[in-house]
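*Asks:* Need coordinates for the following:
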Amino acid sequence: MSKVDSKDIINSVIKEVDSSYKNVLNLYERSQLDTNPLHYDFVSNYPALTALKQFDNNTDFIVSKNNNIGIYIHFPFCDFKCDYCYFVSIKKYDSSLIQKYIDALKKEILFYSKKLNNTTVSYIYFGGGTPTAIAKEYLEVIVNYIHKSFKISDDIEFTCEGSPNTLNEDIVLFLSNLGINRISFGVQSFDSIVLSKMKRCHSKEQINNVIDILHKYFPLNFNADFIFGHYSSRKDVLIKDLEKLENLQLPSVTFYQIWFNNTTVAQSLSSNIKFENLLYQRLCISVFMNRLNYINDKSDWYIKDKNAKFRFQDHKWGNNDFIAIGVSSYGYINGTLYKNTLSINDYLTMVDKNNSGISFSYNLNKQEIEKRRICLGLKMNKETEYIKNNDDIQPFIDMLIDNQLLKQTDNQIKLSYEGFLMSDLILKNI
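*Replies:* Have a look, this model is predicted:
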C-alpha cells in the first residue's frame, strides 16, 4: 500500500475517532465511575494481589484435581530497568547469582511436580524481567528440568519473552530448537525519543531486524508489545506508531497502558495524564487495528488470525489452575491465589528451606470464585455466564447495563464495545 494510502487510512481513523469520542466519554461520565488513572490498574486477578495475606506455610491446597495446568516462571534479570517497570527485575547481576537462581528454580519445579504428579502441563510461560538476557544455557537447563519433572502436553504452548536487544537469529533459532513455539517481545514504541525516555536500550533498526527474524522462525506465532500513556508519548507519536504497523504483518500485537498506581519513575512523571486522553488513544488503537483487520478478542490483545490462540491468557482468565515459579510470581491452585516473595535473596533462602518461595496467599470462598470467573471472563471479550441475583455486585451490573457499558442477554453478560475499551477500569469495581 502506498504512503498516500496509509495517510488516507490514518486520517479517516482520526475522523471516525473524533466523531465518536464525545459519545463514548459521555457514557463513562454518566456512569460516575472513578476514572482517575491513579486509582486503577491492569486487572489480572480476582481478588487483587494486594488482598493476599501472609502465607501460613500450609501447602495442602497444592493437589492435583484436574489434568490440565499451566506453568509461569519468572526470570528477573535484565540488561536495563525500564522507567515504567514495576515488576521485580535486577539490572546488575553476575553469573554466581544467576546460577543460584537457576538452582532454586529447579528445586521449586521439583516441589510442584511431586505434589501434582498426575497433571499434564498445557502451557509454559517464561516471563520477566527478560529471560533472554541471560545465557541461553541457563534456559536450556530449566526447559530440560521441566520435561524431566512433568508430563507435557503434545500440543504445548511454550512462550518466551524477550527484547529487541536480546534477540538475534542465533538466539531465536536456539529457542525454536528448544521447543519454544511462541515469542513475545517488547517494542513499546518506534519513536527513538520515547524509547530513550523509557530507558529502553534498543533501536528502531533492532526492532525491524527482530521482526524479520521472527517472521522466518515463528511466522504465525509471535507478539509485539506496545505501551501508550507514557509521559513522553503524545497522541501524534501513537499515530505514527500505528502507521508503521500497517506493513509489518505482525500476527499478534498488544497495547498496554502505563499504570500509575505503581511506584516507578514514569508514574511520578505521568501523573498529570488524564482519563480523557487515555480513552482517546484507546479509541485510536481500536479503530486503526480494526481497519487493518485485526481482531480484539482479549483485553489489550489484537490478532490477525481469528483462530489464533493465546493459551496462557485463555487458561488463566478462564479461571483455571496455574503454577507460579520464581521470585514475585503468582499462581492459582484449587481456589487459592498465592504469590512468591518479592525479594530475590529471600526467595533463594525460602526455597532452600521450604522448597518454594510462597509468601502470600488467599483462599477464595465459593462466592469469590464465582466473582473471579465473571471478572476475568469479561476480559475475554465474549459472553460470560451470569445469573441475575441479589449479590453485592448486582447493583453495579445494573448500572453498567443502564449506561451501555455492559450488555445482558438471558443469562449471559458481555462488556459493550465502549466498556471493553476500558475493561480494567470497570473490572476494578468488581
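
*Asks:* alpha carbons only for contacts and neighbour counts from here, please
*Replies:* Fine.

*Asks:* In the stretch 251-400 of the chain, where is pLDDT below threshold?
*Replies:* Along the stretch 251-400 of the chain, the model assigns pLDDT under 70 to residues 261, 390.

*Asks:* now the strands for the stretch 1-150 of the chain?
*Replies:* Secondary structure of the stretch 1-150 of the chain (DSSP state E, counting those that start in this stretch): strands located at 53-54, 69-75, 120-128.

*Asks:* residue boundaries of the helices in the stretch 151-300 of the chain?
*Replies:* All helices of the stretch 151-300 of the chain, identified by DSSP state H, counting those that start in this stretch, fall at 169-177, 192-197, 204-217, 235-245, 265-270, 275-291.

*Asks:* ok, and which of these has the densest surroundings?
*Replies:* helix 275-291 (a mean of 20; mean count of other C-alpha atoms under 10 Å).

*Asks:* just checking, what packs against that one?
*Replies:* helix 3-31, helix 235-245, helix 417-421 (3 or more C-alpha pairs under 8 Å, 6 or more residues apart in numbering; DSSP states H and E).

*Asks:* if we can go back for a sec, please render the helices of the stretch 151-300 of the chain as CSV that adds distance to residue 134 to the earlier fields.
*Replies:* Compiled in CSV, the helices of the stretch 151-300 of the chain are given as follows (distance: least, C-alpha to C-alpha, whole Å):
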stretch, distance to residue 134
helix 169-177, 11
helix 192-197, 22
helix 204-217, 18
helix 235-245, 29
helix 265-270, 25
helix 275-291, 33
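
*Asks:* distance of residue 375 from residue 328?
*Replies:* 23 Å (C-alpha to C-alpha, to the nearest Å).

*Asks:* swap that for residue 20, sorry
*Replies:* 41 Å.

*Asks:* thinking again about what came up before, looking at the strands of the stretch 1-150 of the chain, which is nearest to residue 353?
*Replies:* Of all those, strand 53-54 sits nearest to residue 353, with 17.2 Å by C-alpha to C-alpha.

*Asks:* What pairs with the closest one, parallel or antiparallel?
*Replies:* strand 358-363 (antiparallel) (DSSP bridges).

*Asks:* Give the next helix or strand downstream of the strand it pairs with.
*Replies:* Per DSSP states H and E, the first helix or strand lying C-terminal to strand 358-363 is helix 366-377.

*Asks:* Show me what that next one packs onto, helices and strands only.
*Replies:* The elements that helix 366-377 packs onto, with contact taken as 3+ C-alpha pairs under 8 Å, 6+ apart, are helix 311-317, strand 384-385.

*Asks:* 10 Å instead, please
*Replies:* Judged by 3 or more C-alpha pairs under 10 Å, 6 or more residues apart in numbering; DSSP states H and E, helix 366-377 is in contact with helix 311-317, strand 384-385, strand 412-415, helix 423-428.

*Asks:* Please produce JSON lines containing these, extended by mean neighbour count.
*Replies:* Shown next, in JSON lines, are those (neighbours: other C-alpha atoms under 10 Å):
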{"stretch": "helix 311-317", "mean neighbour count": "19"}
{"stretch": "strand 384-385", "mean neighbour count": "18"}
{"stretch": "strand 412-415", "mean neighbour count": "21"}
{"stretch": "helix 423-428", "mean neighbour count": "22"}
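
*Asks:* Turn the ones you listed into CSV, including distance to residue 361.
*Replies:* Formatted as CSV, the helices and strands packed on helix 366-377 follow (distance: least, C-alpha to C-alpha, whole Å):
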stretch, distance to residue 361
helix 311-317, 17
strand 384-385, 27
strand 412-415, 30
helix 423-428, 20
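
*Asks:* how much space between residue 399 and residue 279?
*Replies:* Taking C-alpha to C-alpha, one finds residue 399 at 20 Å from residue 279.

*Asks:* so who does residue 19 touch?
*Replies:* In this structure, residue 19 makes contact with residue 13, judged by C-alpha atoms under 10 Å, 6 or more residues apart in numbering.

*Asks:* circling back to that earlier point, looking only at neighbour counts, state which of residue 375 and residue 328 leads.
*Replies:* residue 375 (27 against 24; other C-alpha atoms under 10 Å).

*Asks:* Let me see the contact set for that one.
*Replies:* 43-47, 317-319, 369, 384, 423-424, 426-430.

*Asks:* low-confidence ranges in the stretch 1-150 of the chain?
*Replies:* In the stretch 1-150 of the chain, residues with pLDDT under 70: 1-6, 66, 92.

*Asks:* Around residue 224, how many other residues sit close by?
*Replies:* Neighbours around residue 224, by other C-alpha under 10 Å: 22.

*Asks:* can you check residue 306 too?
*Replies:* Residues near residue 306, counting by other C-alpha under 10 Å: 12.

*Asks:* Can you tell me, leaving aside adjacent residues, what's nearest to it?
*Replies:* residue 295 (6.7 Å; C-alpha to C-alpha, 6 or more residues apart in numbering).

*Asks:* residue contacts, the one you found?
*Replies:* So residue 295 contacts 252, 286, 289, 301-306, 308 (C-alpha under 10 Å, 6+ apart).

*Asks:* go on, residue 42?
*Replies:* Contacts of residue 42 by C-alpha under 10 Å, 6+ apart are 48, 256-259, 299, 423-425, 427-428.

*Asks:* at 7 Å what do you get?
*Replies:* Going by C-alpha atoms under 7 Å, 6 or more residues apart in numbering, residue 42 touches residue 424.

*Asks:* Domain parsing of the chain, as residue ranges.
*Replies:* Per automatic domain parsing, the structural domains of the chain span 20-42+367-428, 49-317.

*Asks:* Any idea how far the shortest one is from the middle of the chain?
*Replies:* Its chain's C-alpha centre and that of domain 20-42+367-428 lie 20 Å apart, by C-alpha atoms, centre = their mean, to the nearest Å.

*Asks:* Endpoints of it, how far apart?
*Replies:* OK, domain 20-42+367-428 end separation, C-alpha to C-alpha: 25 Å.

*Asks:* nearest residue to residue 174 other than its sequence neighbours?
*Replies:* Nearest one to residue 174, counting by C-alpha to C-alpha, 6+ apart, is residue 136 at 7.9 Å.

*Asks:* gap between that neighbour and residue 166?
*Replies:* 11 Å.

*Asks:* cool, residue 220 as well?
*Replies:* 21 Å.

*Asks:* Residue 332 now?
*Replies:* 30 Å.

*Asks:* When those two are compared, which one has more neighbours?
*Replies:* Legend: neighbour count by other C-alpha under 10 Å for residue 332 and residue 166, higher for residue 332 (24 against 19).

*Asks:* So which elements touch the strand or helix carrying the more buried one?
*Replies:* Residue 332 is located in strand 330-333, with elements delineated by DSSP H and E. Applying 3 or more C-alpha pairs under 7 Å, 6 or more residues apart in numbering; DSSP states H and E, we find strand 330-333 packed against strand 322-325, strand 336-340.
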